[in-house]
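Colleague: Structure for the following, please:
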Amino acid sequence: MKIRISWPAGQLTATLDDTPTAAALTAALPLGSTAHTWGEEVYFDTGLTPALEAGARQVVEPGTVAFWTEGSALALPYGPTPISRGDECRLASPCNVLGRIDGDARTLATISSGDPIRVEKA
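Modeller: Sure thing, here's the model as predicted:
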């Protein structure tokens, strides 16, 4: 499944894996939210409350599409966060891994806290 994430300064697509959280997210699309940034990560509330999955991870690659269950939020890291060690992408806590951003994840750097953000099927 492919999704499109758009905001005032740009958009990108992502490819999701076949996971329970990815299925819940795609079933809820389209959705709109307000972006927040935390270091080089963008996250935003989805209103969904999936359970933490067995393969949840806290350290992920840039461009990973993750779901932060503690915040009901999609988390999109593209570089270090305030708790990273070195250049790693360390999320606030273990998150469900849903897939990967297609192309350059640094496009996310054009998102500012407070920007409206929309997620829909691509």
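Colleague: Give me the sheet partners of the helix or strand encompassing residue 66 and which way each runs.
Modeller: Under the criterion DSSP states H and E, the helix or strand holding residue 66 is strand 64-68. Taking DSSP bridges as the criterion, strand 64-68 sits next to strand 73-77 (antiparallel), strand 89-101 (antiparallel) in its sheet.
Colleague: Now do the buried residues in the helix or strand just after the longest one.
Modeller: Past strand 89-101, heading to the C-terminal end, the next element that is a helix or strand (DSSP H and E) is strand 116-121. Of all the residues in strand 116-121, those buried under the rule 16 or more other C-beta atoms under 10 Å are 117, 119. The way it works is simple: take the backbone N, C-alpha and C, and place the C-beta from them, glycine included.
Colleague: give me every residue that touches the residue nearest to residue 31 when sequence neighbours are not counted.
Modeller: If the residues on either side of it in the chain are set aside, residue 31 comes closest to residue 119, at 5.3 Å by C-beta to C-beta, 6 or more residues apart in numbering. By C-beta atoms under 8 Å, 6 or more residues apart in numbering, the contact set of residue 119 is 3-5, 25, 29-33, 46, 74.
Colleague: Now with 7 Å, please.
Modeller: Contacts of residue 119 were listed using C-beta atoms under 7 Å, 6 or more residues apart in numbering, and they are 3, 5, 29-31.
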